[in-house]
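**Q** Everything below, folded, please.
(one chain, ligands or ions: 1)
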Amino acid sequence: MGCDPFEAVREQVTAQDAARHYGIAIDRHGKALCPFHNDHRPSMTFKGGRFRCWSCGASGDAVDLVRGLFGGTYWEALQRINMDFGLGLALSGEITPQQRAEAQERQRTRELHKRFEKWRENTINQLNSCIRVANTADWANLTPQEEEAIRQRERLEAMADTLSHGTPAEQMQLFIDRKRVALSISSILKTSQVK
Ligand SMILES: [Zn+2]
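**A** You can find the predicted model right below:
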């Protein structure tokens, strides 16, 4: 069968096409109100056939967008696009085990990606809180957490920077190391908030 139907859709329908088709208004800056969170200022942008929300972190291609809007499986979203855009891909009822396996694998990858994105966003926030502890510390009367924050400040800043602007590989390295990252954070945040 050779041809991945997800790939075929991606080549023909961009996330932007799908957004327009299903009623998401795109402003003159190419931004849209994100349908996946309570968006008040357009946070969603489109690039290279994909969408991304800079507020809630939702991202993906046309199939992801449609699945997010209508629910169901990736396969159903694919079929919906195939129908609504008249792509004429031979999909209905003829799902081979290989296609099903590929679709499931894709879904797993996406879920992993989603988990990573959530972790990334949370961790950036926490690291920034830690850095704030260091920056606002009262030098005349340091708590153990403030001392810890000051001692680790450079490392905390480097990690926050990597998670915001680093390459995917650098970010993945921190994700793999996430227990150690969490340990640093908890040594600073846990009790300093009670102070
Ligand atoms: Zn959003």
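**Q** residue with max distance from the center of this protein?
**A** Distance to the chain centre peaks in the chain at Ala140, reaching 41.4 Å (criterion: CA atoms, centre = their mean).
**Q** For Phe51, give me the backbone phi and psi.
**A** Reported as degrees, to the nearest 10, the phi and psi values for Phe51 are phi -110, psi 160.
**Q** Quick check: it vs Lys118, distance?
**A** 17 Å (CB to CB, to the nearest Å). From N, CA and C alone the C-beta is placed, and that goes for glycine too.
**Q** what does Arg10 give?
**A** Distance, Arg10 to Lys118, by CB to CB: 24 Å.
**Q** With Gly48 instead?
**A** Separation of Gly48 from Lys118 (CB to CB) stands at 23 Å.
**Q** Between those two, tell me which one has more neighbours.
**A** Higher neighbour count among Gly48 and Lys118: Lys118, with 12 against 8, using other CB atoms under 10 Å.
**Q** Tell me which residues touch the more buried one, please.
**A** Contacts for Lys118 (CB atoms under 8 Å, 6 or more residues apart in numbering) come out as Gly57.
**Q** For it, give its distance to Thr73.
**A** Separation of Lys118 from Thr73 (CB to CB) stands at 21 Å.
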